[in-house]
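>>> What would the 3D arrangement of this be:
(one chain, ligands or ions: 1)
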Amino acid sequence: MTISDAPAIAPLNPPRRILLGAGPCPVDDRVLRVMGAPLVGHLDPLFIRTMDEVQELLRYAFETNNRLTIPISGTGSAGMEAVVANLLEPDEEIVICINGFFSDRMHEMATRVGARPIRVECEWGKPIDLEKTRRAWRSSNARALFAVHAETSTGVLQQIAPLREIVDERDGFLMIDAVTSLGAYHIGVDRNRIDACYSVTQKALSCPPGLAPVTFSERAISKIKSRKTIVRSWYLDTNLLTAYWGEGSDGARAYHHTAPITMNYGLHEALRIVAEEGLENRAKRHERNHCALVAGIEAMGLKMQVAPEDRLWTLNSVQIPDGINDARVRSRLLEEFDIEIGGGLGIFKGKIWRIGLMGAGSTENNVLLLMAALEKVLKAEGYKVRGSGVSAAADYYSRLE
Ligand code: PLP
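Alright, predicted model coming up:
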């Protein structure tokens, strides 16, 4: 390409999709508006105050008093990597409970930092096998255990307390992925004594992707501070990051990297919305819309993948009926209704649809609209719809009134 070949590219004009997939999810207009606000410097007094408030609001969302509670610059995988890179040393064992795609990713990351992951293979679509996990914990020298709270690849919710109980047998460290639960569930970081927990902005917090909230317990910080080896990642080293984010609300700040200012504005507003609605009300809203969706799905004759007691409210996995083409249904929903739903991952590829009802996307309007659109598309694809999903979902809402 030469200097006279300047590309003539048209401006972007993205459609207003209704994002009901596995993420990103709908962003609140208040968040989008603040992201258009003027930029300030990364050490500007206003930005320092924004950072302090983001930390305070994140502590509320995580339900923790942990001083080291910050958004890592990067997506959820950066949060995941921050937890592994800081807490694990080379040759250290870690028990990793694997019941879906994302716990497998953690195994890969632990291997890359030189740790020795011990895999506890569990069935996809089910919670973690606790007896198997206990056996693996007892027969290892691991001091850390990792699990995913809300497995986005399967739609399974994992109870945290039984895992804490296992880890307590040896005063271990509990590491939890809360990517698809922060902002929709009571994670209870302090109550469950989670030592390291990370999430994302693009799911139930209703922000674009780009930051990964993380929180570390005091015990975790002591472990990090007494490491025998240096944290292998410079970018994710919490010792360096705290110098920028402050050791509390009035700590001095030093440049580490240029924080994504606009993303932090967005997260600030998204977390203000979480605090205004309150965690209790948010949890109820997510549960209510999930139940309405399930009522509609089952009325149409479709089947949920996960047993009722283990289902996530944020991510609903629905079995694709025999003879129905996965990709065609999803592309019709997108092209005809501007609705995105997710396809399956890993062993569930082509077998399930993943319907996300998270944050600003978890609404009665979205449930009813999706039921109507899905019914029309399924009928056009030759599926014998048993009953009306819209009516069943609407009846569910009416019964609550
Ligand atoms: N963990 C879980 C449970 C996820 O669902 C995801 C992404 O969807 C990740 C980790 C990785 O997050 P990201 O894609 O933002 O890097």
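>>> what's the closest non-adjacent residue to the residue in the stretch 301-401 of the chain that the ligand sits nearest to?
Scanning the stretch 301-401 of the chain for the residue nearest the ligand gives residue 315, at 8.2 Å (criterion: Cβ to the nearest ligand atom). Using the backbone N, CA and C atoms, a C-beta is placed for each residue, glycine as well. Leaving aside its chain neighbours, residue 315 sits nearest to residue 155 (4.8 Å; criterion: Cβ to Cβ, 6 or more residues apart in numbering).
>>> surely the one you found meets residue 317?
Yes. Between residue 155 and residue 317 there is a contact at 3.5 Å, judged by Cβ atoms under 8 Å.
>>> which bits of the stretch 201-350 of the chain sit near the ligand?
residue 209 (Cβ under 6 Å from any ligand atom).
>>> can you give me the strands in the stretch 201-350 of the chain?
Remark: strands assigned in the stretch 201-350 of the chain by DSSP state E, counting those that start in this stretch are 211-216, 315-319, 339-343.
>>> Parallel or antiparallel, which strands does the last one pair with?
So that's strand 339-343. Strand pairing for strand 339-343, using DSSP bridges, gives strand 18-20 (parallel), strand 352-356 (antiparallel).
>>> Need those in CSV (columns: distance to the ligand).
As requested, those are arranged in CSV below (distance: least, Cβ to the nearest ligand atom, whole Å):
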stretch, distance to the ligand
strand 18-20, 13
strand 352-356, 10
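>>> OK, contacts around the residue in the stretch 201-350 of the chain that the ligand sits nearest to?
Using Cβ to the nearest ligand atom, the single residue of the stretch 201-350 of the chain nearest to the ligand is residue 209, 5.5 Å away. Shown in contact with residue 209 (Cβ atoms under 8 Å, 6 or more residues apart in numbering): 23, 24, 75, 76, 200, 201, 202.
>>> follow-up on the earlier one: from the strands paired with strand 339-343, which stretch is densest packed?
strand 352-356 (a mean of 26; mean count of other Cβ atoms under 10 Å).
>>> what's the spacing between the residue nearest to residue 371 when sequence neighbours are not counted and residue 373?
Nearest residue to residue 371, sequence neighbours excluded (Cβ to Cβ, 6+ apart): residue 389, at 3.7 Å. Distance of residue 389 to residue 373, computed by Cβ to Cβ, to the nearest Å: 10 Å.
>>> Please say which of the two ends up with more neighbours.
Legend: neighbour count by other Cβ atoms under 10 Å for residue 389 and residue 373, higher for residue 389 (28 against 21).
>>> isn't that one right up against residue 300?
Yes. Here residue 389 reaches residue 300: they are 4.4 Å apart, a contact under Cβ under 8 Å.
>>> Now the common contact residues for those two.
Counting by Cβ under 8 Å, 6+ apart, the residues touching both residue 389 and residue 300 are 371, 374, 375.
>>> neighbour-wise, which of these leads?
Per-residue neighbour counts (other Cβ under 10 Å) across the shared contacts of residue 389 and residue 300 peak at residue 374, which has 27 neighbours.
>>> so that residue makes contact with residue 301?
No. Look at residue 374 against residue 301 with Cβ under 8 Å: they stay out of range, at 11.7 Å.
>>> re earlier: point out the most buried one among the strands of the stretch 201-350 of the chain.
Sort the strands of the stretch 201-350 of the chain by mean neighbour count, taking mean count of other Cβ under 10 Å, and strand 211-216 sits at the top with a mean of 29.
>>> For that strand, which strands pair with it and how are they oriented?
Strand 211-216 is paired, per DSSP bridges, with strand 68-73 (antiparallel), strand 196-198 (antiparallel).
>>> any idea what sits nearest the residue of the stretch 201-350 of the chain closest to the ligand, other than its immediate chain neighbours?
Using Cβ to Cβ, 6+ apart, the nearest residue to residue 209 is residue 202, at 3.8 Å.
>>> Tell me who's in contact with the one you found.
Neighbouring residues of residue 202 by Cβ under 8 Å, 6+ apart: 23, 24, 25, 75, 208, 209, 210.
>>> Would you reformat these as CSV and include pLDDT?
As requested, those are exported to CSV (pLDDT from 0 to 100):
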residue, pLDDT
23, 95
24, 97
25, 97
75, 98
208, 98
209, 98
210, 98
